[in-house]
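Enquirer: Okay, sequence plus prediction incoming.
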Amino acid sequence: MSENLNGALSGIRILDLTHVLSGPYCTQIFGDLGAEVIKIESPAKDHARNIPPYFVGGDSVYYLAVNRNKRSLVIDLKQQEGRDLLRRLALASDVVIENFRPGVMDRLGLSATALRQQKPALIWCSITGFGQDGPYRDKAAFDMIVQALSGGMSLTGESGGPAVRAGIPVGDLAAGMYAAIAILAALQRRHSSGRGDVVDISMLDCQAAMLGYQAAYFMQSGIVPGRQGRAHDSIASYGAFATADAREIVVAAWTEKMWADLCRVLGRSDLLSDERFSDNGARRKHREALWAVLEAEIARHELRRLLEMFDRAGIPAAPVNAVDQAVADPQLHARGMVLDLAAADGRHVKVMGNPIRFSESVAPEHRYPPAPGEDNSEILQKVLGFSDVEIAALRQRRVVLDALLGEAAT
(Lines give C-alpha, C1' and ligand atoms only; values in the text may rest on other atoms or scores of the structure.)
Protein backbone atom coordinates (compact mmCIF):
# COMPACT_ATOMS: atom_id res chain seq x y z
CA MET A 1 0.00 0.00 0.00
CA SER A 2 1.56 3.28 -1.10
CA GLU A 3 2.50 5.69 1.65
CA ASN A 4 3.62 9.29 1.87
CA LEU A 5 6.80 8.90 3.89
CA ASN A 6 7.13 12.65 4.41
CA GLY A 7 3.53 13.25 5.45
CA ALA A 8 2.91 14.64 8.91
CA LEU A 9 0.96 11.50 9.87
CA SER A 10 2.96 8.97 7.87
CA GLY A 11 2.84 5.57 9.56
CA ILE A 12 -0.55 6.13 11.20
CA ARG A 13 -3.31 3.76 10.08
CA ILE A 14 -6.94 4.91 10.40
CA LEU A 15 -9.78 2.39 10.17
CA ASP A 16 -12.67 4.45 8.82
CA LEU A 17 -16.11 3.06 9.74
CA THR A 18 -17.88 6.32 8.94
CA HIS A 19 -20.51 7.39 6.46
CA VAL A 20 -22.23 10.46 5.01
CA LEU A 21 -20.44 13.62 6.27
CA SER A 22 -19.14 14.22 9.82
CA GLY A 23 -17.00 11.07 9.96
CA PRO A 24 -15.79 11.08 6.34
CA TYR A 25 -14.83 14.75 6.70
CA CYS A 26 -12.76 13.83 9.77
CA THR A 27 -11.03 10.89 8.10
CA GLN A 28 -10.31 12.93 4.96
CA ILE A 29 -8.36 15.34 7.18
CA PHE A 30 -6.18 12.40 8.25
CA GLY A 31 -5.75 11.27 4.66
CA ASP A 32 -4.73 14.79 3.65
CA LEU A 33 -2.08 14.71 6.39
CA GLY A 34 -0.51 11.51 5.09
CA ALA A 35 -2.19 8.86 7.25
CA GLU A 36 -3.26 5.57 5.69
CA VAL A 37 -7.07 5.60 5.71
CA ILE A 38 -8.97 2.35 5.11
CA LYS A 39 -12.65 3.01 4.47
CA ILE A 40 -14.91 0.09 5.39
CA GLU A 41 -18.30 -0.15 3.71
CA SER A 42 -21.11 -2.65 3.85
CA PRO A 43 -22.51 -4.11 0.62
CA ALA A 44 -25.14 -1.34 0.80
CA LYS A 45 -22.29 1.24 0.52
CA ASP A 46 -21.92 4.64 2.14
CA HIS A 47 -25.31 6.35 1.70
CA ALA A 48 -23.50 9.49 0.61
CA ARG A 49 -22.63 7.82 -2.69
CA ASN A 50 -26.29 8.20 -3.71
CA ILE A 51 -27.05 11.79 -2.63
CA PRO A 52 -28.34 13.87 -5.59
CA PRO A 53 -28.18 15.94 -7.69
CA TYR A 54 -24.69 15.53 -9.22
CA PHE A 55 -22.83 12.30 -10.02
CA VAL A 56 -19.54 11.27 -11.58
CA GLY A 57 -19.21 7.64 -12.67
CA GLY A 58 -21.98 6.46 -10.36
CA ASP A 59 -20.75 8.27 -7.23
CA SER A 60 -22.35 11.47 -5.99
CA VAL A 61 -20.29 14.63 -5.96
CA TYR A 62 -21.33 14.90 -2.29
CA TYR A 63 -19.40 11.68 -1.60
CA LEU A 64 -16.46 12.69 -3.79
CA ALA A 65 -16.07 15.98 -1.88
CA VAL A 66 -15.10 14.27 1.42
CA ASN A 67 -13.50 10.92 0.59
CA ARG A 68 -10.20 11.57 -1.18
CA ASN A 69 -6.96 9.93 -0.04
CA LYS A 70 -8.69 6.78 1.20
CA ARG A 71 -8.89 3.12 0.20
CA SER A 72 -12.09 1.10 0.23
CA LEU A 73 -12.83 -2.40 1.48
CA VAL A 74 -16.36 -3.81 1.33
CA ILE A 75 -17.17 -6.35 4.08
CA ASP A 76 -20.45 -8.10 4.85
CA LEU A 77 -20.72 -7.51 8.59
CA LYS A 78 -23.86 -9.64 8.79
CA GLN A 79 -21.56 -12.63 8.57
CA GLN A 80 -19.49 -13.63 11.59
CA GLU A 81 -16.51 -14.07 9.31
CA GLY A 82 -16.91 -10.45 8.20
CA ARG A 83 -17.01 -9.23 11.79
CA ASP A 84 -13.91 -11.29 12.58
CA LEU A 85 -12.17 -9.71 9.62
CA LEU A 86 -13.10 -6.23 10.82
CA ARG A 87 -11.78 -7.04 14.28
CA ARG A 88 -8.42 -8.04 12.82
CA LEU A 89 -8.26 -4.81 10.84
CA ALA A 90 -9.08 -2.76 13.94
CA LEU A 91 -6.31 -4.45 15.90
CA ALA A 92 -3.92 -3.73 13.02
CA SER A 93 -4.81 -0.02 13.12
CA ASP A 94 -3.80 2.93 15.28
CA VAL A 95 -7.21 4.61 15.27
CA VAL A 96 -10.79 3.44 14.68
CA ILE A 97 -13.31 6.15 13.80
CA GLU A 98 -17.04 5.41 13.57
CA ASN A 99 -20.21 7.49 13.44
CA PHE A 100 -22.95 4.95 14.00
CA ARG A 101 -25.62 5.50 16.63
CA PRO A 102 -24.59 4.47 20.16
CA GLY A 103 -24.74 0.71 20.65
CA VAL A 104 -24.42 -0.34 17.00
CA MET A 105 -20.79 -1.40 17.27
CA ASP A 106 -21.50 -3.18 20.57
CA ARG A 107 -24.23 -5.24 18.89
CA LEU A 108 -21.71 -6.28 16.24
CA GLY A 109 -19.42 -7.51 19.01
CA LEU A 110 -16.85 -4.84 18.12
CA SER A 111 -16.92 -2.51 21.10
CA ALA A 112 -14.13 -0.11 21.98
CA THR A 113 -13.82 -1.77 25.39
CA ALA A 114 -13.34 -5.27 23.99
CA LEU A 115 -10.84 -4.20 21.33
CA ARG A 116 -8.82 -2.07 23.74
CA GLN A 117 -8.54 -5.00 26.12
CA GLN A 118 -6.69 -6.77 23.32
CA LYS A 119 -4.81 -3.66 22.22
CA PRO A 120 -4.56 -0.96 24.93
CA ALA A 121 -2.76 1.37 22.50
CA LEU A 122 -5.81 1.55 20.22
CA ILE A 123 -7.56 4.91 19.91
CA TRP A 124 -11.30 4.71 19.29
CA CYS A 125 -13.38 7.72 18.28
CA SER A 126 -17.17 7.77 18.12
CA ILE A 127 -18.94 10.71 16.44
CA THR A 128 -22.67 10.81 17.20
CA GLY A 129 -25.41 13.38 17.31
CA PHE A 130 -25.62 13.61 21.09
CA GLY A 131 -22.80 11.54 22.56
CA GLN A 132 -22.74 8.25 24.44
CA ASP A 133 -24.87 9.41 27.37
CA GLY A 134 -27.57 11.91 28.28
CA PRO A 135 -31.33 11.93 27.58
CA TYR A 136 -30.88 12.44 23.81
CA ARG A 137 -28.34 9.62 23.41
CA ASP A 138 -30.51 7.43 21.20
CA LYS A 139 -32.14 10.15 19.11
CA ALA A 140 -31.32 10.58 15.45
CA ALA A 141 -29.40 13.74 14.60
CA PHE A 142 -28.64 15.59 11.42
CA ASP A 143 -26.82 18.81 10.77
CA MET A 144 -29.89 21.06 10.93
CA ILE A 145 -31.14 19.30 14.07
CA VAL A 146 -28.03 20.24 16.03
CA GLN A 147 -27.90 23.72 14.51
CA ALA A 148 -31.41 24.23 15.85
CA LEU A 149 -30.92 22.64 19.29
CA SER A 150 -27.59 24.38 19.93
CA GLY A 151 -29.00 27.90 19.63
CA GLY A 152 -26.77 28.66 16.67
CA MET A 153 -29.66 28.65 14.21
CA SER A 154 -31.51 31.22 16.34
CA LEU A 155 -28.67 33.67 15.68
CA THR A 156 -28.77 33.25 11.90
CA GLY A 157 -31.06 35.36 9.71
CA GLU A 158 -32.27 38.95 9.62
CA SER A 159 -33.68 40.67 12.69
CA GLY A 160 -37.41 40.02 12.88
CA GLY A 161 -37.21 37.22 10.32
CA PRO A 162 -37.27 33.44 10.69
CA ALA A 163 -34.30 31.44 11.90
CA VAL A 164 -32.07 30.32 9.03
CA ARG A 165 -29.86 27.26 8.74
CA ALA A 166 -26.21 28.12 8.10
CA GLY A 167 -25.44 27.70 4.41
CA ILE A 168 -22.65 25.23 5.09
CA PRO A 169 -23.25 22.13 7.26
CA VAL A 170 -21.44 23.47 10.29
CA GLY A 171 -22.90 20.80 12.61
CA ASP A 172 -21.31 17.98 10.66
CA LEU A 173 -18.09 19.78 9.79
CA ALA A 174 -17.43 21.03 13.32
CA ALA A 175 -17.89 17.51 14.72
CA GLY A 176 -15.41 16.17 12.17
CA MET A 177 -12.85 18.83 13.03
CA TYR A 178 -13.23 18.45 16.80
CA ALA A 179 -12.86 14.68 16.36
CA ALA A 180 -9.63 15.17 14.43
CA ILE A 181 -8.29 17.48 17.14
CA ALA A 182 -9.18 14.98 19.86
CA ILE A 183 -7.58 12.06 18.02
CA LEU A 184 -4.38 14.01 17.46
CA ALA A 185 -4.29 14.78 21.20
CA ALA A 186 -4.83 11.08 21.97
CA LEU A 187 -2.00 10.14 19.60
CA GLN A 188 0.31 12.55 21.42
CA ARG A 189 -0.72 11.11 24.80
CA ARG A 190 -0.12 7.59 23.48
CA HIS A 191 3.34 8.64 22.33
CA SER A 192 4.31 9.29 25.97
CA SER A 193 2.16 6.74 27.82
CA GLY A 194 1.76 3.89 25.34
CA ARG A 195 -1.98 3.85 25.96
CA GLY A 196 -4.75 4.80 23.60
CA ASP A 197 -8.10 6.30 24.55
CA VAL A 198 -11.80 6.41 23.72
CA VAL A 199 -13.00 9.71 22.24
CA ASP A 200 -16.70 10.60 22.51
CA ILE A 201 -17.70 13.43 20.13
CA SER A 202 -21.22 14.85 20.15
CA MET A 203 -22.34 17.03 17.25
CA LEU A 204 -24.53 19.01 19.65
CA ASP A 205 -21.63 19.57 22.07
CA CYS A 206 -19.50 20.88 19.22
CA GLN A 207 -22.19 23.31 18.08
CA ALA A 208 -22.76 24.50 21.63
CA ALA A 209 -19.03 25.08 22.08
CA MET A 210 -19.08 27.26 18.97
CA LEU A 211 -21.63 29.64 20.52
CA GLY A 212 -18.54 31.20 22.08
CA TYR A 213 -19.01 34.78 23.19
CA GLN A 214 -22.73 34.81 22.33
CA ALA A 215 -23.48 32.25 25.06
CA ALA A 216 -21.11 34.04 27.45
CA TYR A 217 -22.87 37.36 26.75
CA PHE A 218 -26.22 35.79 27.69
CA MET A 219 -24.92 34.08 30.82
CA GLN A 220 -23.40 37.36 31.97
CA SER A 221 -26.30 39.69 31.11
CA GLY A 222 -29.40 37.53 30.97
CA ILE A 223 -30.22 39.09 27.60
CA VAL A 224 -30.99 36.52 24.91
CA PRO A 225 -29.20 37.42 21.66
CA GLY A 226 -31.36 37.43 18.53
CA ARG A 227 -30.76 37.15 14.82
CA GLN A 228 -27.40 38.63 13.91
CA GLY A 229 -28.27 39.37 10.30
CA ARG A 230 -25.62 41.45 8.53
CA ALA A 231 -24.33 43.10 11.70
CA HIS A 232 -22.22 42.37 14.79
CA ASP A 233 -23.45 42.59 18.38
CA SER A 234 -20.30 44.26 19.64
CA ILE A 235 -19.07 46.43 16.75
CA ALA A 236 -21.46 48.89 15.13
CA SER A 237 -19.29 49.70 12.10
CA TYR A 238 -19.07 46.06 11.04
CA GLY A 239 -21.51 44.62 8.54
CA ALA A 240 -22.68 44.04 4.99
CA PHE A 241 -23.94 46.76 2.67
CA ALA A 242 -25.37 47.05 -0.85
CA THR A 243 -23.33 48.90 -3.47
CA ALA A 244 -24.38 50.99 -6.47
CA ASP A 245 -23.90 48.07 -8.87
CA ALA A 246 -26.16 45.68 -6.95
CA ARG A 247 -23.30 43.85 -5.25
CA GLU A 248 -22.67 43.47 -1.53
CA ILE A 249 -19.61 44.45 0.44
CA VAL A 250 -18.66 43.63 4.02
CA VAL A 251 -16.80 46.22 6.05
CA ALA A 252 -15.08 45.43 9.34
CA ALA A 253 -14.00 48.81 10.72
CA TRP A 254 -13.59 47.58 14.27
CA THR A 255 -10.97 49.94 15.73
CA GLU A 256 -11.32 53.65 16.33
CA LYS A 257 -8.68 54.37 13.69
CA MET A 258 -10.53 52.25 11.15
CA TRP A 259 -13.77 54.07 12.00
CA ALA A 260 -12.09 57.41 11.44
CA ASP A 261 -10.56 56.24 8.17
CA LEU A 262 -13.94 54.92 7.04
CA CYS A 263 -15.54 58.30 7.64
CA ARG A 264 -12.80 60.08 5.68
CA VAL A 265 -12.88 57.63 2.75
CA LEU A 266 -16.65 58.04 2.46
CA GLY A 267 -16.32 61.83 2.60
CA ARG A 268 -18.13 62.06 5.93
CA SER A 269 -15.52 63.43 8.31
CA ASP A 270 -18.37 65.33 9.95
CA LEU A 271 -19.40 62.06 11.62
CA LEU A 272 -16.25 62.19 13.73
CA SER A 273 -17.61 65.19 15.65
CA ASP A 274 -21.09 63.71 16.03
CA GLU A 275 -21.54 62.75 19.69
CA ARG A 276 -23.79 59.85 18.70
CA PHE A 277 -20.80 58.20 17.07
CA SER A 278 -17.98 59.35 19.36
CA ASP A 279 -16.87 55.83 20.27
CA ASN A 280 -17.99 52.25 19.72
CA GLY A 281 -20.29 52.31 22.74
CA ALA A 282 -22.09 55.39 21.41
CA ARG A 283 -22.23 53.94 17.93
CA ARG A 284 -23.80 50.76 19.27
CA LYS A 285 -26.42 52.80 21.12
CA HIS A 286 -27.25 54.72 17.93
CA ARG A 287 -26.76 51.78 15.57
CA GLU A 288 -29.87 52.43 13.47
CA ALA A 289 -28.92 56.02 12.76
CA LEU A 290 -25.35 55.02 11.97
CA TRP A 291 -26.41 52.28 9.58
CA ALA A 292 -28.75 54.60 7.73
CA VAL A 293 -25.79 56.89 7.04
CA LEU A 294 -23.40 54.08 6.07
CA GLU A 295 -25.95 52.39 3.81
CA ALA A 296 -26.63 55.66 1.97
CA GLU A 297 -22.94 56.51 1.52
CA ILE A 298 -21.84 53.03 0.44
CA ALA A 299 -24.76 52.78 -2.01
CA ARG A 300 -23.28 55.75 -3.93
CA HIS A 301 -20.23 53.73 -5.05
CA GLU A 302 -19.64 50.64 -7.14
CA LEU A 303 -18.05 47.63 -5.49
CA ARG A 304 -14.70 47.80 -7.27
CA ARG A 305 -14.23 51.48 -6.42
CA LEU A 306 -15.07 50.88 -2.76
CA LEU A 307 -12.64 47.98 -2.49
CA GLU A 308 -9.87 50.11 -3.99
CA MET A 309 -10.56 53.00 -1.59
CA PHE A 310 -10.82 50.79 1.48
CA ASP A 311 -7.71 48.83 0.54
CA ARG A 312 -5.64 52.01 0.23
CA ALA A 313 -6.90 53.19 3.61
CA GLY A 314 -6.27 49.85 5.33
CA ILE A 315 -9.94 49.26 6.11
CA PRO A 316 -10.80 45.54 6.09
CA ALA A 317 -13.43 44.93 3.41
CA ALA A 318 -14.41 42.23 0.95
CA PRO A 319 -17.04 41.43 -1.64
CA VAL A 320 -19.78 38.98 -0.70
CA ASN A 321 -18.79 36.33 -3.20
CA ALA A 322 -21.16 33.78 -4.62
CA VAL A 323 -19.71 30.27 -4.72
CA ASP A 324 -18.67 30.62 -8.37
CA GLN A 325 -16.76 33.78 -7.51
CA ALA A 326 -15.19 32.20 -4.43
CA VAL A 327 -13.83 29.14 -6.24
CA ALA A 328 -12.36 31.45 -8.90
CA ASP A 329 -10.70 33.72 -6.34
CA PRO A 330 -6.98 34.17 -7.12
CA GLN A 331 -5.99 33.87 -3.46
CA LEU A 332 -7.58 30.43 -3.16
CA HIS A 333 -5.95 29.31 -6.39
CA ALA A 334 -2.56 30.59 -5.24
CA ARG A 335 -2.96 28.45 -2.13
CA GLY A 336 -3.97 25.34 -4.08
CA MET A 337 -7.42 25.27 -2.53
CA VAL A 338 -9.19 24.01 -5.66
CA LEU A 339 -8.25 20.42 -6.53
CA ASP A 340 -8.94 18.53 -9.74
CA LEU A 341 -8.99 14.89 -8.67
CA ALA A 342 -8.43 12.37 -11.46
CA ALA A 343 -9.05 8.63 -11.41
CA ALA A 344 -7.10 6.13 -13.48
CA ASP A 345 -10.11 5.48 -15.73
CA GLY A 346 -10.48 9.15 -16.67
CA ARG A 347 -13.10 10.21 -14.14
CA HIS A 348 -12.35 13.55 -12.52
CA VAL A 349 -14.00 15.96 -10.14
CA LYS A 350 -13.10 19.36 -8.74
CA VAL A 351 -13.31 19.73 -4.96
CA MET A 352 -12.05 22.10 -2.28
CA GLY A 353 -8.56 21.33 -1.01
CA ASN A 354 -6.64 20.87 2.23
CA PRO A 355 -6.22 24.17 4.14
CA ILE A 356 -3.30 22.91 6.27
CA ARG A 357 0.23 23.90 5.22
CA PHE A 358 3.59 22.79 6.62
CA SER A 359 7.07 23.97 5.79
CA GLU A 360 8.62 20.48 5.79
CA SER A 361 5.90 17.81 5.82
CA VAL A 362 4.83 16.97 2.29
CA ALA A 363 1.15 16.51 1.51
CA PRO A 364 0.31 13.36 -0.45
CA GLU A 365 -0.58 13.43 -4.11
CA HIS A 366 -4.32 13.49 -3.75
CA ARG A 367 -6.00 10.19 -4.58
CA TYR A 368 -9.42 10.10 -6.23
CA PRO A 369 -12.08 8.84 -3.79
CA PRO A 370 -12.31 5.06 -4.02
CA ALA A 371 -15.06 3.03 -5.61
CA PRO A 372 -16.64 0.58 -3.14
CA GLY A 373 -14.28 -2.35 -2.66
CA GLU A 374 -11.71 -0.90 -5.05
CA ASP A 375 -8.80 -1.83 -2.77
CA ASN A 376 -10.02 -5.14 -1.30
CA SER A 377 -7.07 -7.25 -2.39
CA GLU A 378 -4.42 -4.65 -1.60
CA ILE A 379 -5.71 -4.07 1.92
CA LEU A 380 -6.12 -7.76 2.76
CA GLN A 381 -2.69 -8.64 1.41
CA LYS A 382 -0.65 -5.79 2.83
CA VAL A 383 -2.42 -5.19 6.14
CA LEU A 384 -3.43 -8.71 7.12
CA GLY A 385 -1.07 -10.80 5.00
CA PHE A 386 -3.78 -12.76 3.18
CA SER A 387 -2.79 -14.84 0.18
CA ASP A 388 -4.51 -14.71 -3.19
CA VAL A 389 -6.13 -18.04 -2.40
CA GLU A 390 -7.52 -16.78 0.92
CA ILE A 391 -8.85 -13.62 -0.70
CA ALA A 392 -10.50 -15.63 -3.46
CA ALA A 393 -12.21 -17.76 -0.80
CA LEU A 394 -13.52 -14.64 0.97
CA ARG A 395 -14.90 -13.43 -2.35
CA GLN A 396 -16.53 -16.78 -3.04
CA ARG A 397 -18.25 -16.73 0.37
CA ARG A 398 -19.19 -13.08 -0.28
CA VAL A 399 -17.59 -11.95 2.95
CA VAL A 400 -15.70 -9.43 0.84
CA LEU A 401 -17.37 -7.89 -2.20
CA ASP A 402 -15.61 -6.23 -5.10
CA ALA A 403 -16.85 -3.09 -6.79
CA LEU A 404 -18.20 -5.01 -9.78
CA LEU A 405 -20.11 -7.59 -7.77
CA GLY A 406 -23.83 -7.45 -7.04
CA GLU A 407 -24.69 -5.17 -4.16
CA ALA A 408 -21.48 -3.15 -4.34
CA ALA A 409 -22.10 -2.16 -7.94
CA THR A 410 -25.74 -1.09 -7.70
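Expert: It's in. Residues are numbered from 1 along each chain as shown.

Enquirer: Please make it C-alpha for all contacts and neighbour counts, starting now.
Expert: OK.

Enquirer: Mind naming the longest helix for this protein?
Expert: helix 170-193 (DSSP state H).

Enquirer: Contacts for the helix or strand just after it, please.
Expert: Per DSSP states H and E, the first helix or strand lying C-terminal to helix 170-193 is strand 197-202. Strand 197-202 has contacts (Cα atoms under 8 Å, 6 or more residues apart in numbering) with 112, 121-132, 175, 178-179, 182-183, 186.

Enquirer: Sort out which residues of the strand or helix carrying Leu294 are buried, please.
Expert: Taking DSSP H and E as the definition, Leu294 sits inside helix 287-298. Judged by neighbour count using 16 or more other Cα atoms under 10 Å, the buried positions of helix 287-298 are 287, 290-291, 294, 297-298.

Enquirer: Surely Glu262 and Ile315 touch.
Expert: For residue 262 the amino acid is Leu, not Glu. Yes. Contact criterion Cα atoms under 8 Å: Leu262 and Ile315 qualify, at 7.0 Å.

Enquirer: In the stretch 51-200 of the chain, what residue spans correspond to helices?
Expert: 61-64, 80-91, 104-107, 112-118, 143-150, 170-193 (DSSP state H, counting those that start in this stretch).

Enquirer: of the ones you listed, which approaches Glu275 most closely?
Expert: Nearest of the helices of the stretch 51-200 of the chain to Glu275, taken as Cα to Cα: helix 143-150 at 38.8 Å.

Enquirer: List the buried residues of that closest one.
Expert: Of the residues in helix 143-150, 143-148, 150 count as buried by neighbour count, 16+ other Cα under 10 Å.

Enquirer: for stretch 200-207, same thing?
Expert: Neighbour-count burial for stretch 200-207 flags 200-207 (criterion: 16+ other Cα under 10 Å).

Enquirer: Pick out whichever of the buried residues of helix 287-298 sits closest to Ala8.
Expert: Ile298 (46.5 Å).

Enquirer: For that closest one, which non-adjacent residue is closest in space?
Expert: Spatial nearest neighbour of Ile298, excluding adjacent residues (Cα to Cα, 6 or more residues apart in numbering): Thr243 at 5.9 Å.

Enquirer: And the one you found, how close does it get to Leu9?
Expert: Thr243 sits at a distance of 47 Å from Leu9 (criterion: Cα to Cα, to the nearest Å).

Enquirer: any weak-confidence spans in the protein?
Expert: Along the chain, segments meeting pLDDT under 70 span 1-6, 404-410.

Enquirer: which other residues reach the longest helix of the chain?
Expert: Outside helix 170-193, the residues touching it (Cα under 8 Å, 6+ apart) are 21-27, 29-30, 95, 121, 123, 125, 127, 142-144, 146-147, 195-197, 199, 201-204, 206-207.

Enquirer: quick one: the one residue sitting closest to the centre of the chain from Ala253, how far?
Expert: Compute the mean C-alpha point of the chain, and by Cα atoms, centre = their mean the closest residue is Leu173, 2.9 Å away. As judged by Cα to Cα, Leu173 and Ala253 stand 29 Å apart.

Enquirer: Val96 too?
Expert: Distance of Val96 to Ala253, computed by Cα to Cα: 46 Å.

Enquirer: more neighbours, the two?
Expert: Set Val96 next to Ala253 and count neighbours by other Cα atoms under 10 Å: Val96 wins out with 25 against 22.
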